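Asks: Fold the following.
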Amino acid sequence: MKLKFTALLAILILLPAMLFAVPVVITWEWLLEDPEVTTFRFQIDSEKPEGWITVDSSVTSYTERGLDGTVDHTLYLQQSYDGIHFSESTRSVAEAMILAPEPQAVVEEPVAPKPVTPAPSAPQPAAPVQEVKKAEPVATPPKAPKVKEPSRFYTKLGINLGYNRQRSRFNSAYDINNLKGGMTLEFHNILTFAKVFGLGVDLDLEYTPYLRGTTYRATLSKVLKGNFDALSTFFTSLEHSFTASPAVMLNVEGGRIALGLGGGGFLTYSLDPSFIDSSTLTYRYGVFAKAALSYRLTDHFTLGIGGKYGVDLDKFASGGHQFLEATMSFGYIF
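Replies: Numbering: from 1, shown residues only. The predicted structure is shown next:
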């Protein structure tokens, strides 16, 4: 991002009786070369949080009237891609005017000619007068400062709760419906391009208690009929598994809404020695596609939903075993 920035001083009025408090009008102008910038904010002689004036990128100048022309004045300018995160301030200093003394008109006196008798028809020339114009106060415009490009990179840590459904039983003893929970670590906009696009990396760490020997539906039916012993059977029938799922994501972000699309691989490890098809395998692995949508509640907290579609690549269940997942997440942005 490159931003050319100039300051122009326009002197509208001078108060002759007050030489030490010359009111001036100062106009700052800047040229924008990066079309991805959407917002500017600025203020004069300060960087107080409550003092910023925010405008969109179509505004490239600002005029302040009634400033004291005998002292320097600084415009602090920041720019942003999304109207939330701003760059560091660029400073443009309008230096104090140096008033030049008003020169007086100078009249050149005629020089006495030598005693020569002029011709009868030659008129005597008049003495020349040189007129000097009044000097105007001049202020030197400042050099164009550079603006640092704001970074769109950020890190988010989230907590996930969700639902997992196997398309078919990868082991006849397990229910195809499962609950899951875990956490995610997301690195957004490691690389950025265009105005709202970036590439990032997500890492999901999840815990899934697969239900063995019964089903969620059967357990719920028994509890509703007053058989609370079914709850004891339910908790002792859970087999514990843990999954790591890294993914490369396309980040699409505008304002407070962020969309992520990508894919990656997963590895699931189970504490059950007969996790897959009553064999001795305790793990499964494969690939998945992922979509996630989040809304930024504040500058740091987000609420979102997501989904996965995955395929197992190992040899159990005749290969190509498929599953779906839906997730709700609550995140914190660093």
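
Asks: where in the protein is pLDDT low?
Replies: Counting by pLDDT under 70, the chain has low-confidence residues at 1-22, 98-149, 170-171, 276-281, 315-319.

Asks: so where do the strands sit in the stretch 151-300 of the chain?
Replies: With DSSP state E, counting those that start in this stretch, the ranges of strands along the stretch 151-300 of the chain come out as 154-166, 177-193, 197-211, 238-254, 257-270, 283-296.

Asks: could those go into JSON lines alongside distance to Gln78 and mean neighbour count?
Replies: Every C-beta, even on glycine, is put in place using the N, C-alpha and C of the backbone. JSON lines is the format used below for the strands of the stretch 151-300 of the chain (distance: least, CB to CB, whole Å; neighbours: other CB atoms under 10 Å):
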{"stretch": "strand 154-166", "distance to Gln78": "18", "mean neighbour count": "17"}
{"stretch": "strand 177-193", "distance to Gln78": "18", "mean neighbour count": "17"}
{"stretch": "strand 197-211", "distance to Gln78": "21", "mean neighbour count": "19"}
{"stretch": "strand 238-254", "distance to Gln78": "19", "mean neighbour count": "18"}
{"stretch": "strand 257-270", "distance to Gln78": "22", "mean neighbour count": "18"}
{"stretch": "strand 283-296", "distance to Gln78": "20", "mean neighbour count": "18"}
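
Asks: wait, Gly182 sits on Leu205?
Replies: Yes - look at Gly182 against Leu205 with CB atoms under 8 Å: they come within range, at 5.2 Å.

Asks: list the residues that contact both of those two?
Replies: Common neighbours of Gly182 and Leu205 are listed as Thr243 (criterion: CB atoms under 8 Å, 6 or more residues apart in numbering).

Asks: Show the contacting residues for Leu303.
Replies: With contact set as CB under 8 Å, 6+ apart, Leu303 has these partners: Ser294, Tyr295, Leu297, Ser329, Phe330, Gly331.

Asks: Show me how far the helix or strand hosting it is from its chain's centre.
Replies: Leu303 is part of strand 301-312, with elements assigned from DSSP states H and E. In terms of CA atoms, centre = their mean, to the nearest Å, the centre of strand 301-312 is set 23 Å apart from its chain centre.

Asks: now stretch 289-300
Replies: The answer for stretch 289-300 is 14 Å, by CA atoms, centre = their mean.

Asks: Give me the contacts around it.
Replies: 84, 202, 247, 249, 256-264, 302-310, 329, 331-333.

Asks: Go again with 6 Å.
Replies: By CB atoms under 6 Å, 6 or more residues apart in numbering, the residues outside stretch 289-300 that reach it are 247, 256-263, 302-309, 332-333.

Asks: One more: stretch 35-55?
Replies: Counting by CB under 6 Å, 6+ apart, 57, 64, 74-81, 83, 89, 195 sit against stretch 35-55.

Asks: okay, how far is it across it, tip to tip?
Replies: 15 Å (CA to CA, to the nearest Å).

Asks: picking up where we left off before, okay, among the contacts of Leu303, which ones form the most distant pair?
Replies: Based on CB to CB, the longest span within these runs between Leu297 and Ser329 and measures 12.3 Å.

Asks: More neighbours: the two, which one.
Replies: The neighbour comparison of Leu297 against Ser329 (other CB atoms under 10 Å) goes to Ser329, with 22 against 12.

Asks: where's the more buried one, which helix or strand?
Replies: Assigned by DSSP H and E, Ser329 falls within strand 322-333.

Asks: Partner strands of that strand, with direction?
Replies: Sheet partners assigned to strand 322-333 using DSSP bridges are listed as strand 154-166 (antiparallel), strand 301-312 (antiparallel).

Asks: would you turn the ones you listed into JSON lines with distance to Glu33?
Replies: Putting those into JSON lines (distance: least, CB to CB, whole Å) gives the following:
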{"stretch": "strand 154-166", "distance to Glu33": "25"}
{"stretch": "strand 301-312", "distance to Glu33": "32"}
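
Asks: between these, which gets nearest to Ile176?
Replies: Closest approach to Ile176 among those (CB to CB): strand 154-166, 4.3 Å.

Asks: and the direction of the closest one versus that of strand 177-193, what angle?
Replies: Angle, strand 154-166 to strand 177-193, by axes from the mean of the first three to the mean of the last three CA atoms, to 10 degrees: 150 degrees.

Asks: isn't Gly307 right up against Met328?
Replies: No - the pair Gly307 / Met328 is not scored as a contact, 10.6 Å apart, by CB atoms under 6 Å.
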